[in-house]
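Novice: the following comprises the amino acid sequence and a computationally predicted model.
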Amino acid sequence: MTVENPKTIIKTNSILAKLLCKYGCYFDGEIHQFSSSANDFRLIKAKEGFKAKIVIVSSDFYSEKQLAYPIDNKKELNKLLKLQLSKQEIGIVQKQDDNQSQVNTWQFNLKILELFPKAFVFLPETLLVAQNCDNGDIITLVDKSSKNTFVTAFDGVVHSAKCFGLINSAENFAMSAGISLQKQRVLSYQDKANSLVANISKLAINKVLAFIRKPGPKNIKVIALQLIAPSFAIISLYLILTSTYLFAKSMWLESELAGQGDEVTELLTLQSQLDDNFEYYQQLVLFWQDKQNTAGLWQIIAPTFKLSTIRTVQLKEKRFFIRGRTPNASELLESIAQNPNVLHAKFEAPVRKDRNQESFYLSIQLNETLFLHTKVEGE
């Protein structure tokens, strides 16, 4: 027979192990907390006023069963378990294959639930100890009074029984569970804390969630009231503070506006003047859009006023047509054509002589720099 050495399997890194050491307890008729020193754990008497959140329950305070169903559809199996199990029973599907489902169920003593009203997780010790069992291994738990409990796990299904009557040895327990004994170990009460802390880290999270305490209708109302009352108080306080702030802000803005009344009036007057000026500007833009700029022409013909008399000037398709009289029309055309700002100049009709004067009709085309046909654009 081999005695288990829990120190070789401890994994205190897991979240569950840390939570167990801080908020957990072991109950075997008395409440024990977990105490650690140099990675070694012991069960000590709980301090007065300690409120456990996680409770590991001795096998004396719950019943354990193994059930088999000829079904491997998980959804249908859950419906069946919901119909068959009582509200106090917790069922875990341990194995499913070949149209078979193996289920473990646990039902805790109601006094345990009443003793720990603040706890939200209750775990059976046999489930935790079985996490360290291979198929065919049997672990003998020894409690404070040296009473033994046999524990094994085969294909994930947990089996346990008290040492009583015909089940007075590991061999007989193996026969009653229908397994072939491979190896047996003894877990003393002194090493139980180490084993529980180590094995809780091996327990799958979904199995832990199955043991979370479900609040009853009364507890749900209490929890709802506990949540609603603080929430209502917080929301009311927020609304009061927000309303006070907005009222104070409004009063401050009104006082600031009253103090700046003259400035605001002046700004409004300036804005009105600006709007009027902008409207006038837009009217000028519309007026000048289609107006021709003929200033360039007068720069060309102004010097010829001493030599001629201009009667008419017309603008047609960017050319200026000029009628007038001069003593020498050819000389006048030549002087105009020589101006660098003139692109082209010519007679449009024959020159006629009359009383020592010559009547002419000529056209001038100016360079683009002088002939501006532009539109004034405004925003």
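Specialist: Received it, and whenever you're ready, just let me know what you need. What you see is a predicted model, and the numbers here were worked out from it, not measured in a lab. Numbers count the residues shown, from 1 in each chain.
Novice: low-confidence ranges, the stretch 251-379 of the chain, go.
Specialist: Scanning the stretch 251-379 of the chain for pLDDT under 70 picks out the ranges 259, 261, 288-296, 369-379.
Novice: er, the stretch 101-250 of the chain I mean
Specialist: Judged by pLDDT under 70, the stretches of the stretch 101-250 of the chain that qualify are 215-227.
Novice: how about residue 87, secondary structure?
Specialist: Three-state assignment for residue 87 (DSSP: H, G, I helix; E, B strand; the rest coil): coil.
Novice: before we move on, what about residue 78?
Specialist: helix.
Novice: tell me the contacts of it?
Specialist: With contacts defined as CB atoms under 8 Å, 6 or more residues apart in numbering, residue 78 has no neighbours. C-betas here are computed from N, CA, C, even on glycine.
Novice: give me the element the nearest residue to residue 320 once chain neighbours are set aside is part of.
Specialist: Distances taken as CB to CB, 6 or more residues apart in numbering put residue 364 closest to residue 320, at 4.7 Å, once the chain neighbours are dropped. Per DSSP states H and E, residue 364 falls inside strand 357-366.
Novice: just checking, what packs against that strand?
Specialist: When contacts are defined as 3 or more CB pairs under 8 Å, 6 or more residues apart in numbering; DSSP states H and E, strand 357-366 sits against helix 295-301, strand 319-326, helix 329-337, strand 342-347, strand 352-354.
Novice: could these be laid out in CSV, adding distance to residue 47?
Specialist: Shown next, in CSV, are these (distance: least, CB to CB, whole Å):
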stretch, distance to residue 47
helix 295-301, 107
strand 319-326, 114
helix 329-337, 120
strand 342-347, 112
strand 352-354, 135
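Novice: most neighbours per residue, which of these?
Specialist: Ranked by mean neighbour count under mean count of other CB atoms under 10 Å, those are led by strand 319-326, which reaches a mean of 18.
Novice: and it, what does it pack against?
Specialist: For strand 319-326, the packing partners by 3+ CB pairs under 8 Å, 6+ apart come out as strand 309-316, strand 357-366.
Novice: show the subsequent helix or strand relative to the helix or strand hosting residue 185.
Specialist: Per DSSP H and E: residue 185 is located in strand 183-187. Using DSSP H and E, the helix or strand that follows strand 183-187 in sequence is helix 192-200.
Novice: just the CA atoms of the helix or strand that that following helix is followed by, as CSV, please.
Specialist: Once the chain leaves helix 192-200, the next helix or strand it forms, by DSSP H and E, is helix 205-210. The C-alpha trace of helix 205-210 is given here as CSV (Å, rounded to 0.1, in the frame of the first residue of the first chain):
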residue,chain,number,x,y,z
ILE,A,205,-14.2,25.3,-14.6
ASN,A,206,-17.5,24.0,-16.0
LYS,A,207,-17.7,21.5,-13.2
VAL,A,208,-17.0,24.3,-10.6
LEU,A,209,-19.8,26.4,-12.2
ALA,A,210,-22.2,23.5,-11.7
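Novice: C-terminal to helix 205-210, what's the next element?
Specialist: As assigned by DSSP H and E, the chain's next helix or strand after helix 205-210 is helix 217-259.
Novice: distance from that next one to the middle of the chain?
Specialist: On the basis of CA atoms, centre = their mean, to the nearest Å, helix 217-259 sits 26 Å off its chain's mean C-alpha point.
Novice: pull the residues that contact the strand holding residue 364.
Specialist: With CB under 8 Å, 6+ apart as the test, strand 357-366 has contacts from 296-297, 300-301, 308, 318-329, 332-333, 336, 341-349, 351-353, 371.
Novice: in its sheet, what does that strand sit against?
Specialist: Strand 357-366 pairs in its sheet with strand 319-326 (antiparallel), strand 342-347 (antiparallel), strand 352-354 (antiparallel), by DSSP bridges.
Novice: show me which residues of stretch 181-192 are buried.
Specialist: Neighbour-count burial for stretch 181-192 flags 181, 184-187, 191-192 (criterion: 16 or more other CB atoms under 10 Å).
Novice: nearest to residue 77 among those residues?
Specialist: For those, the closest approach to residue 77 (CB to CB) belongs to residue 181, at 30.3 Å.
Novice: sec struct for the closest one, please.
Specialist: Under three-state DSSP, residue 181 comes out as coil.
Novice: re earlier: which one of the helices and strands packed on strand 319-326 lies closest to residue 43?
Specialist: Evaluated with CB to CB, the helices and strands packed on strand 319-326 place strand 357-366 nearest to residue 43, the distance being 114.0 Å.
Novice: now that closest one, how far from the centre of its chain.
Specialist: Relative to its chain's centre, strand 357-366 lies at 84 Å (CA atoms, centre = their mean).
Novice: so that strand versus strand 309-316, what angle?
Specialist: Put simply, strand 357-366 runs at 30 degrees to strand 309-316, going by axes from the mean of the first three to the mean of the last three CA atoms, to 10 degrees.
Novice: quick check: angle from strand 357-366 to helix 329-337?
Specialist: Between strand 357-366 and helix 329-337, the angle comes out at 20 degrees (the same axes, to 10 degrees).
Novice: what are the buried residues along strand 357-366?
Specialist: Within strand 357-366, the residues that count as buried by 16+ other CB under 10 Å are 357-362, 364, 366.
Novice: what does stretch 256-270 give?
Specialist: Per 16+ other CB under 10 Å, stretch 256-270 contains no buried residues.
Novice: before we move on, what about stretch 132-149?
Specialist: 132-133, 137-143, 148-149.
Novice: can you pull the pLDDT of residue 14?
Specialist: What the model reports for residue 14 is a pLDDT of 67.
Novice: re earlier: got the angle between the strand holding residue 185 and helix 192-200?
Specialist: Using the same axes, to 10 degrees: strand 183-187 against helix 192-200 is 120 degrees.
Novice: per-domain residue ranges of this structure.
Specialist: Residue ranges for the domains of the chain, per automatic domain parsing: 2-220, 295-366.
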